[in-house]
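Undergrad: model this:
(one chain, ligands or ions: 1)
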Amino acid sequence: MIEPSSKLPHVGTTIFTTIGQLAREHDAINLSQGFPNFDPDPALLELVSEAFKKSHNQYAPMQGVLSLREAISEKIERLHGRYYHPESEITVTAGATQAIFTTIAAFVRQNDEVIVIEPAFDCYEPAISLFGGKIVPLPLEGNDFKMNWSAFKSAISPKTKMVIINTPHNPTGTIWSESDMLQLQEILRDTNIILLSDEVYEHIVFDGKAHESASKYPDLATRSFICCSFGKTFHATGWKVGYCAAPKSLMLEFQKVHQFNVFSVNHAMQVALAEYLKDPQHYVNLGAFYQEKRDSFLTAIKDSRFKMIPSGGTYFQLLEYSDITDEKDTAFAEHLIKEHQLASIPVSVFCTGPYDKKFLRFCFAKTDAVLEKASEILNSI
Ligand SMILES: Cc1ncc(COP(=O)(O)O)c(C=O)c1O
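TA: Next comes the predicted model:
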């Protein structure tokens, strides 16, 4: 038997798998993992089925189907006023996860520092570690998870190669304002730092606010990889199709890695998505769709013992439970599954550093019936 020396000795089964398993064992309502329990638009499914029948069943171009890259370019220009050349500045990826991994693989070398704002989505850290990079964690502050820009400035060193940001933010549901983006732009100006901007929830922003894409800010755009996900936008997380936009010289390096670890992404899905994207109505109303779910969920639990600041974007809502128990969030999440048959995600699992706040993350991308049942349970605690 070979005894492999692990390149990621600290990485185990993800919390999503563990919680999912426990939820199944206890027949719990599952608001833990971030995906909808409803299907994509039948019109999109019809386009996919047509694309398969029209023989789009062999390799797609390495960068992605051109009509899809053109549709992505038009969307970004219309929404954020920045033109990305479809032929040289956009790549279709196997979900945002691959866009993120490939960006890190293309640039992070041994001992490079990468600033990660925590809590953070779980795929950043292992990718950075795999390429010998060093994580510099920067905690969001207070119970409203605000960014401390002077701490951010102090975290930058001559070794900083990359900064990873995520707005709208998983798991906290906070969104960054124009003022946040301008401060980020000012601090990064005159550096060679690459910005990886995880914007998978770009179309899920609430209360009349706008998504602040890094592509909107000229100096940020010159250094940014914008990573996005059709899975989140079109209720199709299982398709694993996303995209990445970056200036030509950066995208060239990205594609050097992409062409040898993925080469190309599901052809028929790309053809269907190119057609579907032609109608902006298919994504501009997504915020209103999820805001209705957020609002009915929060109204239903307003008299519970949980404290809540309404989520500003994403399909996640944090609930604070300090009035209920002193338990650590992992213990309380387990308790909720075993004793109340309700699954959520403890926020501490999104942190590499010490964390003792009392929040659980609930995914409200669920049908009204499921959210109602979950609300009844939360009200009974
Ligand atoms: C913040 C964030 N980034 C990236 C991803 C991954 O997106 P995809 O499913 O397109 O790979 C997710 C999925 O949950 C996410 O929440």
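
Undergrad: now Ala23, nearest residue through space, not along the chain?
TA: Ala343 (3.8 Å; Cβ to Cβ, 6 or more residues apart in numbering). The C-beta positions use only the backbone N, C-alpha and C, and glycine is treated the same way.

Undergrad: isn't the one you found right up against Asp27?
TA: No - look at Ala343 against Asp27 with Cβ atoms under 8 Å: they stay out of range, at 10.3 Å.

Undergrad: how many other residues sit next to Ala43?
TA: 12 (other Cβ atoms under 10 Å).

Undergrad: residues contacting it?
TA: Neighbouring residues of Ala43 by Cβ atoms under 8 Å, 6 or more residues apart in numbering: Tyr276.

Undergrad: state the pLDDT value of it.
TA: On the pLDDT scale, Ala43 is placed at 98.

Undergrad: and it, that's in a helix?
TA: Yes - the assignment for Ala43, made by DSSP: H, G, I helix; E, B strand; the rest coil, places it in a helix.

Undergrad: for Ala246, see how far away Val349 is.
TA: Distance, Val349 to Ala246, using Cβ to Cβ, to the nearest Å: 30 Å.

Undergrad: what about those two, which has more around it?
TA: Ala246 (30 against 19).

Undergrad: need the contact list for that one.
TA: Going by Cβ under 8 Å, 6+ apart, Ala246 touches Tyr84, Glu89, Ser224, Phe225, Ile226, Phe254.

Undergrad: repeat that for Lys146.
TA: Leu140, Thr174.

Undergrad: now Glu50, nearest residue through space, not along the chain?
TA: Ala272 (7.3 Å).

Undergrad: distance of that neighbour relative to Lys53?
TA: 11 Å.

Undergrad: more neighbours: the two, which one.
TA: Remark: of Ala272 and Lys53, Ala272 carries more neighbours, 27 against 10, as counted by other Cβ under 10 Å.

Undergrad: does the ligand sit close to whichever strand or helix holds the more buried one?
TA: In this structure, Ala272 sits in helix 267-276 according to DSSP states H and E. No - shown here: helix 267-276 not in contact with the ligand (Cβ under 6 Å from any ligand atom), separated by at least 12.3 Å.

Undergrad: could you give the mean pLDDT of that helix?
TA: 98.

Undergrad: can you list the domains in this structure?
TA: Listed domain ranges for the chain are 15-40+284-380, 42-279 (source: automatic domain parsing).

Undergrad: contact partners for Ala105?
TA: Applying Cβ under 8 Å, 6+ apart to Ala105 gives the contacts Ala127, Leu130, Phe131, Val257, Asn261.

Undergrad: ok so, going back, the residue nearest to Ala23 - how many residues pack around it?
TA: 25.

Undergrad: which ones are touching it?
TA: Ile19, Gly20, Leu22, Ala23, Ala28, Ile29, Asn30, Leu31, Ser32, Ala333, Leu336, Ile337 are the contacts of Ala343 under Cβ under 8 Å, 6+ apart.

Undergrad: again, only using 7 Å
TA: Ile19, Ala23, Ala28, Ile29, Asn30, Leu31, Ser32, Ile337 (Cβ atoms under 7 Å, 6 or more residues apart in numbering).
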